[in-house]
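>>> pasting the sequence and the predicted coordinates here, then a few questions.
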Amino acid sequence: MNPLKRASFICFVMTGVFSASQSFAAEGVELVGYGARQKALAGADIADSRDAMAISTNPAGIVGLDSQFQFDFAGIFADRGYEATGPLVVVAPGWVQSGQPDFPVPNGGAIHRIDADSAWGWSFYGNGGINTTYGFNQYKPAISAPNVTLPAPFPPLTLTGPLIVPSFGGPFGGGAAGIDLRQGFLSVDYARKFGPVSIGLAPTVAVQILNLQGLQTFYPYSWDPYHLSNNGYDWSFGGGLRFGLEYSILPNLRFGLAAATPMFMTPFGKYAGAIADHGKMDVPANINAGLAFDAMQDLTLMAGWKHIFYHEVPSLGNSSFPLYYGQLGSYGGPGFGWRDTDLASFGVEWRALKPLTLRLGYAYSTAMIGSQDVTLNVLAPAITHHNISGGFKYEIDKNNSIDFSTVYAVKNTLSGPEAQPYASFAYTIPAFPPVFPGGTVPVTVPPVFNPYTKITAWLSAIEISLSWTYKFDSVDNRLITAKY
């Protein structure tokens, strides 16, 4: 196996193992960008592709670029959790912080130039995903119905309220709790130029890994309690298509348009009792558009827009309220309540000196979670609005360069009342013949947003990325050039 193939294989394996987990994503399961350049520009480069990671966003952008190999490694350092007060039923009270604040995210790819008007390439990348880990620092007490004193003509006797929600500690009463969703993608791209227009098509395969913990107390609400929680990691496989267009309107003005179909995935069988549609969780479709303007020969201004169709994936887009017995995991059952989102991004790139390029970016994402869904989303507090980024590129020599970026997700909070599910229980009444023969009195409590409760989720993060790019000489396609 030659060095390029060996490096590619190792990188793809690393993507599958370390693909990103959500505690920081621009829009739910979508990152602000892939690779150090995209991140430094806050994802605004949809019409100004300059490296192999363009395949992950606009497959048309690789035409005219040098043959190259790229590898990127990012570290995400996140702070997320929630604070809850009032007569709570679902979550533990107090200030509760998620663990595992940092994790690695690899990306990479290659471009193989065919001629001046065509190229092919491949790219692997980890998407946002979801990740929280809550321990035993906060205790979720058991919930019992209130005690009731029998009225006349019964003897003065207080009935003990039956247990409604048991607790084994942890934020949901099921012990240490959390969700870990990891996603990895591999796209193979072919792009061709037709005059001022370039078009690219990239078939994509996808893999997801999911683990749910600490949700056992929700077993009455699941259609399949044996596949609800604490079943270890489960895998899901599938794929879809990415395609893109880049149009040179003027010599210094370019327009980019790209889209991705849903990634149609196999169900998570181990969690068919938790995820709507019996464990089916596709990756939602998205569409991108952008402009790039060369204000000067060495200065490019960029703007982009992205829309993600979360409502098309029931497990993500269905509302989390109301919740009745046997609903979790059912067809059309409760989801996370994520809305379709829009991301507006702006970037500037200044090629200041021959070896040095400087970049800045900003992205704003519309709210994807409403206050009515905050209760379930303490598991996945994807509530980022503002992302500020920057970075640089340094050309070591004519073949090697490094790119660095950092992204700061400004801390954001979301508050709402606790969404309390349906409950049914029965008081046992002693026999007092002949006044009352004894038995039980059934009681039902409808699902309700309790106005006397308040849950506030929060999220902030810093991401640091470092990329290495090797550009091949026009007559040499080896990763390491032999010296004689």
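Now that the structure is in, tell me what you want to look at.

>>> quick check: buried residues in stretch 322-337?
For stretch 322-337, the neighbour count (16 or more other Cβ atoms under 10 Å) marks 323-324, 327-330, 333-337 as buried. No exception for glycine: its C-beta is placed from N, CA and C like everyone else's.

>>> and that stretch, what's its mean pLDDT?
Per-residue pLDDT over stretch 322-337 has a mean of 95.

>>> helix or strand for W338, just tell me which one.
Per DSSP states H and E: W338 is located in neither a helix nor a strand.

>>> pretty sure it contacts P314?
No: W338 lies out of contact with P314 (Cβ atoms under 8 Å); the separation is 10.7 Å.

>>> need the buried residues of stretch 322-337 in JSON lines (columns: distance to G214 and secondary structure).
Formatted as JSON lines, the buried residues of stretch 322-337 follow (distance: Cβ to Cβ, whole Å; DSSP: H, G, I helix; E, B strand; the rest coil):
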{"residue": "L323", "distance to G214": "17", "secondary structure": "coil"}
{"residue": "Y324", "distance to G214": "21", "secondary structure": "coil"}
{"residue": "Q327", "distance to G214": "19", "secondary structure": "coil"}
{"residue": "L328", "distance to G214": "14", "secondary structure": "strand"}
{"residue": "G329", "distance to G214": "17", "secondary structure": "coil"}
{"residue": "S330", "distance to G214": "21", "secondary structure": "coil"}
{"residue": "G333", "distance to G214": "20", "secondary structure": "coil"}
{"residue": "P334", "distance to G214": "18", "secondary structure": "coil"}
{"residue": "G335", "distance to G214": "19", "secondary structure": "coil"}
{"residue": "F336", "distance to G214": "17", "secondary structure": "coil"}
{"residue": "G337", "distance to G214": "20", "secondary structure": "coil"}
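
>>> on the three-state scheme, T406 is what?
strand (DSSP: H, G, I helix; E, B strand; the rest coil).

>>> ok, it to R359 distance?
Between T406 and R359 the distance is 11 Å, computed by Cβ to Cβ, to the nearest Å.

>>> so for those two, which residues contact both of them?
40, 389-391 (Cβ atoms under 8 Å, 6 or more residues apart in numbering).

>>> most neighbours among those residues, which one is it?
Compared across the shared contacts of T406 and R359, A40 has the highest neighbour count, 31 neighbours, by other Cβ atoms under 10 Å.

>>> what sits against it?
Counting by Cβ under 8 Å, 6+ apart, A40 makes contact with 347, 359-361, 389-392, 403-407.

>>> out of everything not next to it in sequence, what's closest to it?
The shortest distance from A40 to any non-neighbouring residue, by Cβ to Cβ, 6 or more residues apart in numbering, is to G391 (3.1 Å).

>>> for W338 and P314, indicate the residue with more neighbours.
Counted by other Cβ under 10 Å, W338 and P314 do not tie: W338 has more neighbours, with 27 against 18.

>>> now the more buried one: closest residue in space, sequence neighbours ignored.
In space, W338 is closest to Y310, 4.2 Å off (Cβ to Cβ, 6+ apart).

>>> pLDDT weak spots in the stretch 101-250 of the chain?
Across the stretch 101-250 of the chain, residues meeting the criterion (pLDDT under 70) sit at 101-103, 128-130, 152-154.

>>> what are the ranges of the strands in it?
Using DSSP state E, counting those that start in this stretch, the strands assigned to the stretch 101-250 of the chain run over residues 102-115, 118-126, 130-134, 143-144, 148-149, 158-159, 163-165, 177-194, 197-213, 234-250.

>>> residues of the first one that come out buried?
Under the neighbour-count criterion of 16+ other Cβ under 10 Å, strand 102-115 has 103, 105-113 buried.

>>> what lines up beside that strand in the sheet?
strand 68-85 (antiparallel), strand 118-126 (antiparallel) (DSSP bridges).

>>> next one: the fourth one
Take DSSP bridges as the rule and strand 143-144 pairs in its sheet with strand 163-165 (antiparallel).

>>> contacts for the partner strand?
Contacts with strand 163-165, where a contact means Cβ under 8 Å, 6+ apart, come from 89, 142-145, 173, 217, 423, 425.

>>> restricted to buried residues, select these in ChimeraX.
In ChimeraX, this line selects whichever of the contacts of strand 163-165 come out buried by 16+ other Cβ under 10 Å:
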select :89,143,145,173,217,423,425
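
>>> which residues touch stretch 193-203?
Residues outside stretch 193-203 that contact it (Cβ under 8 Å, 6+ apart) are 55, 58-64, 116-118, 123, 187-192, 239, 241-249.

>>> got a list of what the nearest residue to V283 once chain neighbours are set aside touches?
Setting aside the residues directly before and after it, V283 is nearest to M263 in space (Cβ to Cβ, 6+ apart), at 3.5 Å. Neighbouring residues of M263 by Cβ under 8 Å, 6+ apart: 185, 204, 206, 238-240, 282-283.

>>> what would those look like in CSV with neighbour count?
Output for the contacts of M263, formatted as CSV (neighbours: other Cβ atoms under 10 Å):
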residue, neighbour count
F185, 27
T204, 23
A206, 21
G238, 17
G239, 18
G240, 20
D282, 23
V283, 26
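
>>> all helices for the protein, in order.
Here the chain has its helices, by DSSP state H, at 3-18, 36-40, 276-279, 314-317.

>>> thinking again about what came up before, for the buried residues of stretch 322-337, which one is nearest A47?
Nearest to A47 among those, counting by Cβ to Cβ, is F336 at 31.9 Å.

>>> looking at the chain, which strand is longest?
Ranked by residue count under DSSP state E, the longest strand found in the chain is strand 448-471.

>>> distance between that one and the chain's centre?
How far strand 448-471 lies from its chain's middle: 9 Å, per Cα atoms, centre = their mean, to the nearest Å.

>>> got a list of what P162 touches?
P162 makes contact with 144-145, 425-428, according to Cβ under 8 Å, 6+ apart.

>>> closest to Y271 out of these?
If you rank the contacts of P162 by distance to Y271 using Cβ to Cβ, F425 comes first, at 27.5 Å.

>>> per-residue pLDDT of P446, please?
On the pLDDT scale, P446 gets 94.

>>> give me the phi and psi angles of the nearest residue to N318 once chain neighbours are set aside.
Nearest non-adjacent residue to N318, counting by Cβ to Cβ, 6+ apart: G335, 3.3 Å away. Phi and psi for G335, reported as degrees, to the nearest 10, are phi -120, psi -150.

>>> what's the answer for the one 4 residues further on, then?
Backbone dihedrals for R339, given as degrees, to the nearest 10, come out at phi -90, psi 160.

>>> and G195, by the same measure?
phi 70, psi -130.

>>> next one: it relative to W458, how far apart?
50 Å.

>>> quick one: which of these two has more around it?
Taking other Cβ under 10 Å, G195 and W458 do not tie; W458 has more neighbours (19 against 8).

>>> quick check, pLDDT for the more buried one.
Reading off the confidence values, W458 has pLDDT 93.

>>> switch to numbering from 70
Let's use 70 as the start, then, which means that last one is W527.

>>> please consider this matter closed, and thank you.
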